[in-house]
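Participant: with the input below, show me the fold.
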Amino acid sequence: MVRALGEHGAAIVALPWLAVALFAFLAVLTYGAERGEPLCQRCLAGLQALGLLRKLALLLALTSATIHLALIPAHSGDPSTAILFMLDGLALMAVSAWALLRSGWRPALGLLLFANLAAYAYYLAAGLETADAVGLGTKAIEAAALLGLMIPERWSLVALSGTRREVNS
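Facilitator: Below you'll find the predicted structure:
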């Protein structure tokens, strides 16, 4: 089936597994936190403290990481690109984990997302890559994640509630 989807089919097939992995991760965090495991309690508290837009930005960053890691085998003929995909995927995952444990993660994630967008634009302009649905879709995901980091959190509450009251975030 993956072969029928082309060289980037693995990226599409990997995305449902992200949902499974996140569900399992949250189940383990909850289970550990309920049993008094300090790391699980800290991670769960960190996740709960994030606003809607920041959680969405993390989910989108993890989606991008999953796509990049799944694309490594398709780029085995170009080791430098494969290594860049691996480093990018791991960095996005590391910053996402950082978000659950400490503050200060947003500029790092913003820089990674911006670098991804800039690198893809460079690859296209230099003729090193041709635009395709997976590449453009991934960049749309990254741009949305970047917006989720930049938009003030109180705006998401206005959009959801339909009210204009100010909320501290």
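Participant: what's the separation between residue 21 and residue 7?
Facilitator: Residue 21 sits 23 Å away from residue 7, going by CB to CB, to the nearest Å. For the C-beta atoms, the positions are set from N, CA and C on the backbone; glycine is no exception.
Participant: residue 109: how many residues sit nearby?
Facilitator: Neighbour count of residue 109, defined by other CB atoms under 10 Å: 25.
Participant: swap in residue 83?
Facilitator: Residues near residue 83, counting by other CB under 10 Å: 12.
Participant: and it, what element?
Facilitator: Applying DSSP states H and E as the criterion places residue 83 in helix 79-101.
Participant: which SSE is immediately downstream of that helix?
Facilitator: Elements were assigned by DSSP H and E; along the chain past helix 79-101, the next helix or strand is helix 105-125.
Participant: between that next one and helix 79-101, how many degrees?
Facilitator: Orientation check (axes from the mean of the first three to the mean of the last three CA atoms, to 10 degrees): helix 105-125 against helix 79-101 gives 160 degrees.
Participant: rounded mean pLDDT for helix 105-125, please.
Facilitator: On average, the pLDDT along helix 105-125 is 96.
Participant: so which elements touch it?
Facilitator: Here helix 105-125 touches helix 52-70, helix 79-101, helix 133-150, going by 3 or more CB pairs under 8 Å, 6 or more residues apart in numbering; DSSP states H and E.
Participant: for those helices, which one sits closest to residue 113?
Facilitator: Among the helices and strands packed on helix 105-125, helix 133-150 comes nearest to residue 113, with 4.5 Å by CB to CB.
Participant: just the buried positions in the closest one, please.
Facilitator: 134-135, 138-139, 141-142, 145-146, 148-149 (16 or more other CB atoms under 10 Å).
Participant: burial check on residue 131, number of neighbours?
Facilitator: There are 11 residues near residue 131, going by other CB under 10 Å.
Participant: you'd agree it is up against residue 124?
Facilitator: Yes: assessed by CB atoms under 8 Å, residue 131 is found in contact with residue 124 at 5.9 Å.
Participant: look up how far residue 97 lies from residue 153.
Facilitator: In this view, residue 153 and residue 97 are 21 Å apart by CB to CB.
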